[in-house]
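>>> Just to be clear, the model below is a prediction. Sequence and coordinates:
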Amino acid sequence: MKRTYSWELKRAIEKHGFTPHQLHKGERYKIGSVYWNGYWQKWYKVVNVVYSNNSLQSVTVKWEDGKDGKHCTPLDINRDWELIGGDIT
């Protein structure tokens, strides 16, 4: 089933030229990848990720506003997207 984009995601696509990729069950964070957070309604780039015993321990990110952050929330395949391409400089 094809999901629709939120208004904020549509704006990010138009502004940065992202191509959203729908996530699937079992997907894991990849260092260097950009994701859309469906809860916070903003994008971030993964700087580091730590898994232990196949369980997410932490994700270090650079948010779209340039701030660094860290969390341990797995990807939500119903709300999050991987964003391909785009100009985020």
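Nice, I can see it.

>>> From the contact counts, what lies against the longest strand along the chain?
Counting residues, the longest strand in the chain under DSSP state E turns out to be strand 42-52. Counting contacts by 3 or more C-beta pairs under 8 Å, 6 or more residues apart in numbering; DSSP states H and E, strand 42-52 packs against helix 7-16, strand 34-37, strand 55-63. In this view, the C-beta of every residue, glycine as well, is placed from N, C-alpha and C.

>>> got the CA positions of the next helix or strand after the first one in PDB?
Later in the chain than helix 7-16, the nearest helix or strand by DSSP states H and E is strand 19-22. Only the C-alpha atoms of strand 19-22 are listed here, as PDB (Å, rounded to 0.1, in the frame of the first residue of the first chain):
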ATOM      1  CA  THR A  19      13.200  11.100  -3.100                       C
ATOM      2  CA  PRO A  20      11.400   9.400  -0.300                       C
ATOM      3  CA  HIS A  21      11.900   5.600   0.000                       C
ATOM      4  CA  GLN A  22       9.200   3.600   2.000                       C
END
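
>>> Pull up the pairing partners for strand 19-22, direction included.
strand 81-84 (antiparallel) (DSSP bridges).

>>> which stretches of the protein have low pLDDT?
Scanning the chain for pLDDT under 70 picks out the ranges 1.

>>> Okay, and the beta partners of the residue positioned nearest the centre of it?
Centroid check for the chain by C-alpha atoms, centre = their mean gives Tyr35 as the closest residue, at 1.6 Å. Counting by DSSP bridges, Tyr35 is bridged to Tyr44, Glu82.
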